[in-house]
Each structure stands twice: as structure tokens, then as C-alpha cells.
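[1] below is the sequence, then the predicted model.
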Amino acid sequence: MTTFSDFVDKVYRAISETAETGPSELLILDGLAAAQEAILERVGKHSTAVWTGDGSTKAFALPTDCYEIQGIRETSETGKLIPQAEMSPGAYFGDYPDEQNFLEYPHGYVTLGKAIDNGETALLYYTAYWDVPDVEDDEVDGDFVLEVPKRIERAVIFYTCAYCLIPDAVSASSLRQFNTRVDSGNPEHNPVEETVKFFFRLYDMELAKQPLDMGGTTIG
């Protein structure tokens, strides 16, 4: 179990900094949020939501934390997974086809081809965004427990380290934009930028170790 405070300490150790000299907890929180979004394609947070029909409603709002739909199942009738309608000429959608289907349309909604009968339900399987700590008066909740699996935590740390070093890399670039003298050899004019790239390479290596997230294909 890793709390946000534990995570901050791990970031500081990885970049050889302390709370006094290193990035702020708010910047580390931004990095954590970016890292947790980056891993979603490989390591997703699986969630569900229930929609209850009233006999006429066809469009249902997606949960606010929905990143990607994995599947929709008729829970009260056949128990079958509902196929997604094809957005192609000649494909049917609405009341005409015998089978139920759906479109992820408009933005933030799912529209079913047929209304769900009153009292009947459908179960949405989806990949959700990982939660992040709350912030109050610029203070991050240090007791928040990270949701990401332990196996992916190192990759999240590396991504966060890279994110937290970006402001220093940008600052170094601004300071050197008027350089004209060419030093002997092949000097590195922005070592912080190279460190950012290094941490992103470490992130890619850790992410490559993860098994492919099968998502909705495992729904029975």
C-alpha cells in the first residue's frame, strides 16, 4: 500500500532531491495524474455502471471517469453483450434491426438502438481514470492510497520524475537560447532535457514488461 506521501518520497529519491530543494507536491501530483493517464492503454482501471430503462430513453450519460467503453450487457433480459453499431453505409441502427446495438454518440453519451424497457437494466463495463488525491488550500492529501497496481508503480514513478523535471529543462533552454560560442567537442547544452528523456525511456522499458490489458474481451 503506497500513500501519496510515500510516492513523493520515492520521486525525491529517484531525482536526488528533497522536499526543500525538489519539485512541489502540486507538481508531483500533476506528474502522477499524467502518468496514470499514460498507462491506461496498458494497465486500465476496470469499472462498471448500471443503466435502468424507463421504456423511452435511449441516450445514457457515460460516467465522468470513463476513459474507454469495454462492453455493454443486457442484464435483465438475455444477458448478452450488446454489439456496437457500425458507422458505415448500409449498416442499420435504431428500431429496424432485430438485435439491440449502440453508438458512442454524442460525446459523453451512449445511444442505444432500442430503448430499455421500464425497470430493465443494462450493465456498462468501462476503463476508468485512476483516482488522484484531493487538494485543499494547495495541500495534497498525503494519506491518499494510490490505486495503481504495484507492478506498474515503478513506471508511474519514472514518468512522474520526467514530468517534474520538464520546468527545469524549459528554464535551461530559455537561458541558453542566445548562446553563440561553440565549445570544443560535443557538449550537452541542456543536460536536464536529456535526463527527462532518460526517465521517459525508463518508463517505456517498465511499461513494456506489463502484460497486455485485455479489457472487455474477458467479460463473460
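    That came through fine.

[2] helices or strands up against the lengthiest helix in the chain?
    Scanning the chain for the longest helix, with DSSP state H as the assignment, gives helix 153-175. In terms of contacts (3 or more C-beta pairs under 8 Å, 6 or more residues apart in numbering; DSSP states H and E), helix 153-175 is packed against helix 4-14, helix 25-38, helix 191-208. Bear in mind the C-beta positions are built from the backbone N, C-alpha and C, glycine included.

[3] tell me what angle the lowest-mean-pLDDT helix or strand in the chain forms with helix 191-208.
    Averaged element by element with mean pLDDT, DSSP states H and E, the chain has its least confident helix or strand at helix 153-175 (a mean of 89). Between the axes of helix 153-175 and helix 191-208, defined by axes from the mean of the first three to the mean of the last three C-alpha atoms, to 10 degrees, the angle is 160 degrees.

[4] list the buried ones in helix 153-175?
    By neighbour count, and taking 16 or more other C-beta atoms under 10 Å as the criterion, the buried residues in helix 153-175 are 153-166, 168-169.

[5] what residues does that helix touch?
    2, 7, 10-11, 14-15, 22-23, 27-28, 30-32, 34-36, 38-39, 146, 148, 190-193, 195-197, 199-200, 202-203, 206-207, 210 (C-beta atoms under 8 Å, 6 or more residues apart in numbering).

[6] C-alpha coordinates for it, CSV please?
    Coordinates of each C-alpha in helix 153-175 appear next as CSV, following Å, rounded to 0.1, in the frame of the first residue of the first chain:
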residue,chain,number,x,y,z
GLU,A,153,4.2,1.7,-9.8
ARG,A,154,7.8,1.9,-10.9
ALA,A,155,6.8,3.1,-14.4
VAL,A,156,4.5,5.7,-12.8
ILE,A,157,7.4,6.9,-10.7
PHE,A,158,9.7,7.3,-13.7
TYR,A,159,7.0,9.1,-15.7
THR,A,160,6.4,11.5,-12.8
CYS,A,161,10.1,12.1,-12.4
ALA,A,162,10.4,13.1,-16.1
TYR,A,163,7.3,15.4,-15.8
CYS,A,164,8.7,17.1,-12.7
LEU,A,165,12.0,17.9,-14.5
ILE,A,166,10.3,19.5,-17.5
PRO,A,167,10.1,23.0,-16.0
ASP,A,168,13.9,22.9,-15.3
ALA,A,169,14.5,21.7,-18.8
VAL,A,170,12.4,24.6,-20.2
SER,A,171,14.2,27.1,-18.0
ALA,A,172,17.6,25.8,-19.1
SER,A,173,16.5,26.1,-22.8
SER,A,174,15.5,29.7,-22.2
LEU,A,175,18.8,30.6,-20.6
